[in-house]
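Q: Just the structure for this:
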Amino acid sequence: EALTGLGFLETSSLHFITAEEASRSHKENLLEVENPRTEHTFLRPNLLIPTLRTLTHNLHAEYPQKICETGIVFNKNENQIKESPHLIIAHTPANFTILKQTLDYLFRTLNVNYEIKETSVKGFIDGRTASVHLEGKTIGYLGEMHPNTLRSWHLKMPLAIAEINLEH
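A: You can find the predicted model right below:
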């Protein structure tokens with residue numbers, strides 16, 4: 001509700017991604033579905049991939065585009081499948097500062113104190129990316145997408161993204 005009050009559109013994406021999208025994720029231990037009925041053959045390891053797909057499909061829509069989604073992501077640790085609830089916030093055209101203001105508002109609305117620390121995330125611009133911490137635990141990241149990542153998804157506008165693990 002806080003994000004929709006800021007003009008964000010809530011989306012809902014498939015739990016599955018294609019093999020091509022999986023190769024772009026650069027993640028290991030992806031969960032592949034046996035006998036899929038479509039080209040979507042992997043469970044999503046994050047909400048970033050479906051969000052980039054949504055933005056790619058809406059290149060000709062009016063800007064700014066502000067979307068958010070809460071959903072389950074799937075990862076494998078050793079022989080266990082772990083499901084985690086995540087929140088993603090995407091704003092284009094935007095930068096790190098604009099998205100940090102959005103996070104500040106969201107966490108203030110929820111009465112939660114958080115911290116950020118500069119970090120590096122593959123596909124994001126170094127120096128414009130931070131990890132999000134809650135009670136000393138890393139719960140996500142926020143940052144600006146690297147121009148090469150934008151080009152690989154055919155996106156033309158600067159994009160700021162935050163993805164938060166809601167489990168903690």
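
Q: And the strands in the protein?
A: Secondary structure of the chain (DSSP state E): strands at 9-10, 16-18, 40-43, 65-77, 80-92, 115-118, 124-134, 137-145, 160-165.

Q: As a markdown table, these with mean pLDDT would be great.
A: Listed next are the strands of the chain as a markdown table, based on pLDDT from 0 to 100:
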| stretch | mean pLDDT |
| --- | --- |
| strand 9-10 | 96 |
| strand 16-18 | 79 |
| strand 40-43 | 72 |
| strand 65-77 | 92 |
| strand 80-92 | 93 |
| strand 115-118 | 97 |
| strand 124-134 | 97 |
| strand 137-145 | 97 |
| strand 160-165 | 97 |
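
Q: looking at those strands, which is buried most?
A: A comparison of these by mean neighbour count, using mean count of other CB atoms under 10 Å, puts strand 160-165 on top with a mean of 23. Heads up, the C-betas are built off the backbone N, CA and C, glycines and all.

Q: for it, packing partners?
A: The helices and strands touching strand 160-165, judged by 3 or more CB pairs under 8 Å, 6 or more residues apart in numbering; DSSP states H and E, are helix 48-57, strand 80-92, helix 96-109, strand 124-134, strand 137-145.
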